[in-house]
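Q: sequence plus the predicted model coming up.
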Amino acid sequence: QLQFVESGGGLVQPGGSLTLSCTASGFTLDYYAIGWFRQAPGKEREGVSCISHNVGSTNYADSVKGRFTISRSDAQGTVFLQMNSLQPEDTANYYCAAGTQAMCALLNPYGPWNYWGQGTQVTVSS
């Protein structure tokens, strides 16, 4: 089955850090922009960050700018999301998906993204 496998979530105190990984299963990343998204219970899905496939340009939601950093290793088939200064409002299930560079610029969580995984839960609480 073609999908991403997300990992790295967990419970962290406010102000803490986590690094999430998103690994492609059954396909290669080479020609895709990869987006990270999150959804908290009772809330809409939100676009968090995206990285393009060629020059590696990035896009971030205003809520995470300056705190989160996205990167990719096509050789490893993995995209990373380094999350610093985590706050309770960052609590959500985090997912990644593949799309185009144009989709990456928009970061619309309801666009035609592909290969959604099951997500990894991030809980920020003291």
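A: Structure's in. What do you need? Residues are numbered from 1 along each chain as shown.

Q: ok, K43 to L20 distance?
A: The gap separating K43 from L20 is 19 Å, by Cβ to Cβ, to the nearest Å. C-beta coordinates here come from the backbone N, C-alpha and C atoms, glycine included.

Q: the residue of the chain most remote from its centre - nearest residue in space that isn't next to it in sequence?
A: Taking Cα atoms, centre = their mean, the residue of the chain most remote from its mean C-alpha position is S126, at 23.5 Å. Sequence neighbours aside, Q13 is the residue nearest to S126 in space, at 5.4 Å (criterion: Cβ to Cβ, 6 or more residues apart in numbering).

Q: one more: W116?
A: Excluding its sequence neighbours, the residue lying closest to W116 (Cβ to Cβ, 6+ apart) is A97, at 5.0 Å.

Q: my read: the one you found touches F37, true?
A: Yes - contact status for A97 versus F37: in contact at 6.8 Å, counting by Cβ atoms under 8 Å.

Q: any common contacting residues for those two?
A: Shared contacts of A97 and F37 (Cβ atoms under 8 Å, 6 or more residues apart in numbering): W113.

Q: any idea how far the residue lying closest to E46 once chain neighbours are set aside lies from Q1?
A: The shortest distance from E46 to any non-neighbouring residue, by Cβ to Cβ, 6+ apart, is to R38 (5.4 Å). Distance of R38 to Q1, computed by Cβ to Cβ: 23 Å.
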